[in-house]
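Chemist: Based on what follows, work out the 3D shape:
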Amino acid sequence: MNPPPARGRAPSRFVRGRARGGGAYRPYFYFRRNGRVIPARGNREPNRDESGAGGDSSGDPPTNRQPRGWNRSSNKRGRDVGLDCSFLRPENYAAPEDGLLVQSIAVDNPSAYSGWRLYFLNERYEEGNELAKRIMGVEAHYQRNPHSYDLVKARDRGFFPLPAFGLLQDVQLKEVWPSLEADLKEHPLRTLSALSLAMHTVVVNHLLDANDSTMSAVSTPERYVPPTKRLRKIYARPQDFVSVGALSGISHSQVDTLFAVRGIVSSVGEPSYSISWQAFRCTRCQMEIVMRQRGTFQPRPYQCKRSECVAREGFVALRSSPYTRLSSRQIIRLEESNLAVIHDFENSVPGQIDVELRHDLVDSVSVGQEVVITGVLKLQELGADDSTGDQATQSYLKAVSVQDAANVKIEFNERDLEAIAMINAEPNSFKLLVQSIAPEVHGHELPKAACLLSLLGGASAVNVLMVGDPGIGKTKILQSCAQIAEHGAHVSGKRSAQSAQRLGVTFAGRNKKVLQAGALMAASAGGHCTLDDVDKLASKQAVLLQCLQSGEVNLPLAGAFASFPARPSVIACANPQRGQYNEGRYLLQNIQITPALLREFHLVYVLLDKPSTVRDMSLTAHVRALHAGAKKRDRIAARYDLKPKTNDSMCEATFYDARAYAGNDSVKEDDNDSIMQQDYDLDKQLELLPEDDLDLLPPILIKKFLAYVRQQVSPLLNDNAGDAILRYFLELRDSSALLDGDSSGIGSGQLLGLIHLSQARARLDLSHVVTPQHVRDVIALLTESIAQTSLKADDGHRPSGFGAGSGGGAGKGAQLRNFVLMMQRRSEAVGRRIFDYEELKEIAMRAGILTGVSQLVEVANMAGHLLKKGVNMYEVIRD
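Modeler: Residues are numbered from 1 along each chain as shown. Model (predicted):
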């Protein structure tokens with residue numbers, strides 16, 4: 001323990017008036033540089049004006065005043081003139097917080113407010129002043145609205161939510177505190193202290209009334225009654241007082257003001273705990289003294305703060321005092337999710353900001369969660385920059401409130417609603433949106449439509465896989481989907497080692513104590529994860545499969561096991577193994593993906609570069625228009641700005657109405673006619689014809705449109721749409737049982753996928769009811785996906801399976817039929833019927849059968865399709 005200072009010398013570093021050695025006046029605000037204390041306003045005498053320093057500059061205009069700091073010439077400074085240190089103060093100077101300037105306080109609470117020193121450390125209470133009146137007005141507001149504020153929860157949890165609607169709409173509170181909203185935005189810490197002190201006083205009075213009404217019991221030898229504890233500090237958590245802002249628009253004028261940001265928690269640091277204040281009691285006069293604690297050294301009071309006592313020893317530490325506070329602190333990083341910003345995930349990083357959580361906000365968020373954080377914008381020093389020598393600073397947010405983004409709706413202005421109404425008023429909005437996705441890619445309307453429905457899926461995941469020849473435009477479609485997604489992540493398999501680490505949850509930081517969210521976690525809760533070249537992520541396909549199957553990502557730790565919920569929608573693409581897709585081979589033979597992972601994709605499309613005269617002419621015209629600038633993003637955005645707006649507001653006539661469809665018999669489908677047999681070509685409906693005059697939409701407008709319909713529209717199935725989905729589902733099961741011998745491959749998962757896709761299609765039309773027309777478009781997409789990923793049989797039946805499930809020939813009966821069919825074709829081609837085992841094995845591989853060939857040959861021999869002629873020699877029996 002350090003000895004007390006000698007008598008006659010103050011224990012503080014500074015002395016009021018003049019310091020030791022005849023120093024200058026002690027300033028109120030100061031800076032610390034290399035262990036030295038430098039005044040912020042220079043060495044000026046108190047009560048002396050700046051302009052009166054020389055006596056001859058008091059009448060000078062502001063433009064003729066002497067510059068300060070390094071701009072002041074050295075020949076104008078004499079030896080006896082004090083050094084002007086005001087250049088050390090930044091241009092936008094923010095005064096330190098009151099709590100940082102106070103080292104010790106005496107607990108001298110007024111009788112009206114027993115917790116005054118918990119909220120105002122260095123400000124004395126004056127009865128009847130403006131602050132006291134405002135606190136009394138807030139107390140009256142809390143008492144007038146007992147159903148909005150739970151006093152018991154506020155006492156037990158130490159905080160209470162403070163919604164803006166009820167507080168700002170109180171007319172009586174406006175009369176007492178008319179500038180409440182402005183004060184909360186400009187001076188948030190002091191205003192929140194006043195609001196919290198009012199709640200603290202109301203809770204204390206409530207407890208006193210409860211004790212008086214129940215006549216608190218006294219401890220007896222038979223029954224122990226614990227004493228009443230003093231109430232600790234209560235924190236107010238404001239909600240919806242400021243609108244969500246963009247990180248790119250932060251300026252110096254917003255420092256020390258209230259700021260709100262919406263984003264995804266990308267990394268979470270380890271919480272740290274330390275004692276910040278320690279209360280002591282003087283054994284002579286029973287006065288309570290509180291000392292600030294910093295670091296490992298714990299200071300103790302050397303003198304009682306009461307002038308009548310002046311005791312220098314006998315101070316007892318009070319651990320149960322409300323003034324003894326254990327400070328908890330946690331740093332998280334927030335990745336901005338803003339509809340007004342388009343991110344290029346390949347070349348840039350989304351906006352990020354560090355957030356400081358304290359007290360009850362620690363561990364209130366999880367990695368990958370989308371939240372809305374309201375806090376006070378602060379600046380922190382990062383040290384001197386080696387290149388310029390200037391002091392580098394970084395902005396961070398000191399959080400005062402954390403809300404789950406699922407409970408906070410996105411706000412749209414009038415211009416956004418006008419543009420959404422314009423899109424909905426188009427004759428074929430589905431075609432307009434499909435053509436606006438990746439306009440650089442010519443054709444492939446069905447894969448684009450599938451990606452669009454996946455982006456509209458909402459909380460229900462719709463997974464899409466695109467397989468095809470290199471250079472056909474799969475990566476462009478993925479990048480466009482990543483840009484217009486409401487929130488998500490993009491991972492490229494071209495950088496396999498780095499991308500594999502970004503897929504799952506990892507630890508980062510110097511000590512590996514910072515939990516970092518991967519792409520699957522960042523796209524959780526209705527988001528989308530785009531995976532480019534998913535076949536190259538061989539080391540992380542197990543993580544992806546587990547996420548799609550169970551909806552969680554596991555992280556094995558030393559002596560522990562952690563699991564995080566993750567339910568993203570995945571849009572992926574893959575390239576063939578041999579550089580070009582071979583239509584004579586099964587899908588699993590063309591790409592390096594496990595069968596279990598392939599079955600998790602609802603829609604799989606094969607994009608081929610087939611030679612065609614009509615398509616080549618159309619592609620040539622498309623390339624000419626692309627280089628001419630007609631389909632560039634900036635030209636599209638410029639045309640959108642100049643396009644006249646024909647709708648003033650959202651028109652209800654453009655919405656689908658359940659009553660209109662209930663009374664219209666023309667939209668009802670014939671129950672005896674299968675919806676799969678209808679003559680309907682969706683690819684032709686979405687194709688861009690030369691005579692079509694479509695003004696393509698910019699990505700930012702598509703992003704806002706998708707976010708609006710996902711938030712506002714929740715369609716339901718009507719009877720006609722339900723019957724259409726049921727008929728198609730039963731036809732799938734019948735065709736699967738006819739070809740495979742069993743229908744176990746078609747189950748409830750496929751039925752749920754049909755419903756989710758139909759709801760997404762109805763959501764695109766801003767319809768609250770799923771109609772048979774929506775189901776028809778979904779069935780067209782599914783039929784094309786099944787046809788592209790399956791090998792057709794000669795009998796003309798429709799191939800079995802749903803989505804990617806039919807690409808592998810999973811059934812035993814289907815494998816045997818395909819094997820026998822391939823053997824007979826091979827026998828006819830070579831003109832002989834005797835084959836050895838190695839040739840039969842090669843035929844089985846061509847039929848997509850990779851394992852169990854020997855058992856399959858034995859089954860074919862027992863069934864009479866093969867006749868064994870010798871050792872490993874078989875004869876093919878033709879039908």
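
Chemist: which residues sit in contact with the residue nearest the centre of the chain?
Modeler: In the chain, the residue lying closest to the centroid (CA atoms, centre = their mean) is residue 264, at 2.5 Å. Contacts of residue 264 were listed using CB atoms under 8 Å, 6 or more residues apart in numbering, and they are 334-335, 337, 368-371, 487, 517, 522, 527. Just so you know, the C-beta spots here come from the backbone N, C-alpha and C atoms, and that holds for glycine as well.

Chemist: go with 7 Å
Modeler: Residues in contact with residue 264, defined by CB atoms under 7 Å, 6 or more residues apart in numbering, are 335, 337, 368, 370, 487, 522.

Chemist: Is it part of a helix or strand, or is it coil?
Modeler: Assigned by DSSP: H, G, I helix; E, B strand; the rest coil, the conformation of residue 264 is strand.

Chemist: Next one: it relative to residue 527, how far apart?
Modeler: Distance from residue 264 to residue 527, counting by CB to CB, to the nearest Å: 8 Å.

Chemist: go on, residue 703?
Modeler: For residue 703 relative to residue 527 (CB to CB), the value is 13 Å.

Chemist: Tell me which of those two has more neighbours.
Modeler: Applying other CB atoms under 10 Å to residue 703 and residue 527 shows that residue 527 carries more neighbours, namely 24 against 21.

Chemist: what about residue 398, neighbour count?
Modeler: With other CB under 10 Å as criterion, residue 398 counts 17.

Chemist: What's the separation between the residue nearest to the centre of the chain and residue 405?
Modeler: 9 Å.

Chemist: Which neighbours do these two have in common?
Modeler: What both residue 264 and residue 405 touch, as defined by CB under 7 Å, 6+ apart, is the set residue 370.

Chemist: Hmm, residue 859 and residue 816 touching each other?
Modeler: Yes. When contacts are counted by CB atoms under 7 Å, residue 816 is listed as touching residue 859 (6.3 Å).

Chemist: okay, and the common contacts of those two?
Modeler: Going by CB under 7 Å, 6+ apart, no residue sits against residue 816 while also sitting against residue 859.

Chemist: Strands of the stretch 251-400 of the chain, residue ranges please.
Modeler: Ranges of strands in the stretch 251-400 of the chain, per DSSP state E, counting those that start in this stretch, are 258-268, 272-282, 288-292, 315-318, 325-336, 352-358, 370-384, 391-404.

Chemist: likewise the stretch 651-800 of the chain?
Modeler: 716-717, 769-770.

Chemist: how many neighbours does residue 442 have?
Modeler: By other CB under 10 Å, the residues close to residue 442 number 19.

Chemist: Output the lowest mean pLDDT helix or strand found in this structure.
Modeler: Here the helix or strand of the chain ranked lowest by mean pLDDT, DSSP states H and E is helix 658-662, holding a mean of 41.

Chemist: Show me what the helix or strand containing residue 431 is packed against.
Modeler: For residue 431, the enclosing helix or strand under DSSP states H and E is helix 429-436. Applying 3 or more CB pairs under 7 Å, 6 or more residues apart in numbering; DSSP states H and E, we find helix 429-436 packed against helix 445-455, helix 682-686, helix 748-764.

Chemist: ok now it, how far from the chain's centre?
Modeler: With CA atoms, centre = their mean, to the nearest Å as the basis, helix 429-436 stands 27 Å off its chain's centre.

Chemist: Which residue is the nearest non-sequential neighbour of residue 284?
Modeler: Distances taken as CB to CB, 6 or more residues apart in numbering place residue 311 nearest to residue 284, at 4.5 Å, with adjacent residues excluded.

Chemist: Just the local confidence number for the one you found, please.
Modeler: Looking at residue 311, its pLDDT reads 87.

Chemist: where does it fall, phi/psi-wise?
Modeler: phi -80, psi 150 (degrees, to the nearest 10).

Chemist: low-scoring pLDDT stretches of the stretch 301-450 of the chain, where are they?
Modeler: The stretch 301-450 of the chain contains residues with pLDDT under 70 at 346-347, 383-391.

Chemist: Residue 153 sits in which helix or strand?
Modeler: Using DSSP H and E, residue 153 sits within helix 151-157.

Chemist: Return the list of helices and strands in contact with that helix.
Modeler: Packed next to helix 151-157, using 3+ CB pairs under 7 Å, 6+ apart, are helix 188-214.

Chemist: Show me what secondary structure element comes after the helix it packs on.
Modeler: Note on helix 188-214: by DSSP H and E, the next helix or strand toward the C-terminus is strand 235-239.

Chemist: contacts for that following strand?
Modeler: 158-164, 184, 192, 195-196, 199, 359-360, 374, 400-401, 403.

Chemist: Please enumerate residues in contact with the helix holding residue 153?
Modeler: So helix 151-157 is contacted by 160, 199, 202-203, 206, 231, 234, 360 (CB under 7 Å, 6+ apart).

Chemist: May I have it exported as CSV, CA atoms only?
Modeler: What follows is helix 151-157, C-alpha atoms only, in CSV (Å, rounded to 0.1, in the frame of the first residue of the first chain):
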residue,chain,number,x,y,z
LEU,A,151,-41.9,-2.1,-12.3
VAL,A,152,-41.2,-5.6,-10.9
LYS,A,153,-39.3,-6.6,-14.0
ALA,A,154,-37.4,-3.3,-14.0
ARG,A,155,-36.3,-4.0,-10.4
ASP,A,156,-35.3,-7.6,-11.0
ARG,A,157,-33.6,-7.3,-14.4
